[in-house]
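>>> please find the sequence and the predicted model below.
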Amino acid sequence: MKCALVTGGSRGIGNAICEKLSQDSSYHILINYYSNKEEAENTLEKVIANGATGEILKFDVANFDEVKSVLTQWQEANPEAIVEAIINNAGITKDGLFMWMSLEDWSSVINTSLNGFFNVTNFFMQKMLRNKYGRIVNIVSLSGVKGTAGQTNYSAAKGALIGATKALAQEVAKRNITVNAVAPGFIRTNMTSNLDEKELIKMIPVNRFGEAEEVADLVSFLVSKKSSYITGEVININGGIYS
């Protein structure tokens, strides 16, 4: 059984990625969630409706011990399963001016995006290297590429993840493992629902927010065998706002 693991797979971009991979690939979809079981179950229903298989894995990507425990139990229960694709999508925002930022708001954002990448990817890395095949896609952000005022913590987390993407890509390329980052701009999801869309689209050359499905299409390509000569890249998907 060949699998793709999507962290933060219950909502927004993660949900769209799970759905798209269930259409485009033959992977068994592992849908990770942390707090919203109902939405994770809805995502699984969509995956199954597309004729694919999947299951839900509950863990907090920022918690190393929890990640290790849940994934070890899953691996022991599924000894034949091979995770070929990892999409590190889980992330949180706690926006605010740096001068007022609490340590908790700084640490929780860094821990989810950056340490979450380490905790999940590191668990599978040796297995991928032995298998001599893998696809790792890290969902970063426009904020990680250009920096966004009021998001110093989020920009730092995603900027660091971009650096990690480029370094790891060079380490594992000889084993047919690609590591790429996708940097969405303004995408219409729960995370952006409180933004002033009318005002913001004035800055976006294509004059609209993106859809989660458009990000999922790009991720699906990067997870496929068609993308085998693309690695260490940061691909912007932002309607021309910054490229």
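Okay, I see it. Everything numeric in this text was worked out from a predicted model, so none of it was measured. Residues are numbered from 1 along each chain as shown.
>>> do I have it right that Thr93 meets Tyr154?
Yes. Between Thr93 and Tyr154 there is a contact under CB atoms under 8 Å: 5.2 Å. C-beta coordinates here come from the backbone N, C-alpha and C atoms, glycine included.
>>> which residues are in contact with both of these two?
Val109 (CB atoms under 8 Å, 6 or more residues apart in numbering).
>>> between the two, who's got more neighbours?
Neighbour count, other CB atoms under 10 Å: between Thr93 and Tyr154, Tyr154 has more, with 24 against 20.
>>> check contacts around the more buried one.
Per CB under 8 Å, 6+ apart, neighbours of Tyr154: 91, 93-95, 109, 113, 141, 143-144, 148.
>>> again with Ala62
Residues in contact with Ala62 (CB under 8 Å, 6+ apart) are 108, 111-112, 115-116, 119.
>>> one more time with 10 Å
Residues near Ala62 by CB atoms under 10 Å, 6 or more residues apart in numbering: 34, 90, 92, 107-116, 118-119.
>>> now do Thr121
Going by CB under 10 Å, 6+ apart, Thr121 touches 5, 7, 86, 88, 128, 134, 136, 138, 164, 168, 179.
>>> thought Leu161 was touching Asn138?
Yes. Counting by CB atoms under 10 Å, Asn138 is a contact partner of Leu161 at 5.3 Å.
>>> where in the chain is the helix or strand with the lowest mean pLDDT?
helix 197-200 (a mean of 83; mean pLDDT, DSSP states H and E).
>>> downstream of that one, the next helix or strand is which one?
With elements assigned by DSSP states H and E, the helix or strand that comes after helix 197-200 is strand 210-211.
>>> for that next one, name the packing helices and strands.
For strand 210-211, the elements it packs on are helix 12-24, strand 187-188, judged by 3 or more CB pairs under 10 Å, 6 or more residues apart in numbering; DSSP states H and E.
>>> among these, which is the most enclosed?
Comparing those by mean neighbour count (mean count of other CB atoms under 10 Å), helix 12-24 ranks first with a mean of 24.
>>> tell me the mean pLDDT over the next helix or strand along the chain from that one?
Sequence order places strand 28-33 as the next helix or strand after helix 12-24, per DSSP H and E. Averaging pLDDT along strand 28-33 gives 98.
>>> just stretch 234-243 next, same as before
92.
>>> oh, and call the first residue 41 from now on, that's how I've got it
Happy to do that; since the first residue is 41 now, the last one works out to stretch 274-283.
>>> and the contacts of that stretch?
Contacts of stretch 274-283 (CB under 10 Å, 6+ apart): 177-178, 180-182, 184-186, 201-202, 205-206, 220-227, 240-241, 243-250, 254-255, 257-259, 261-262.
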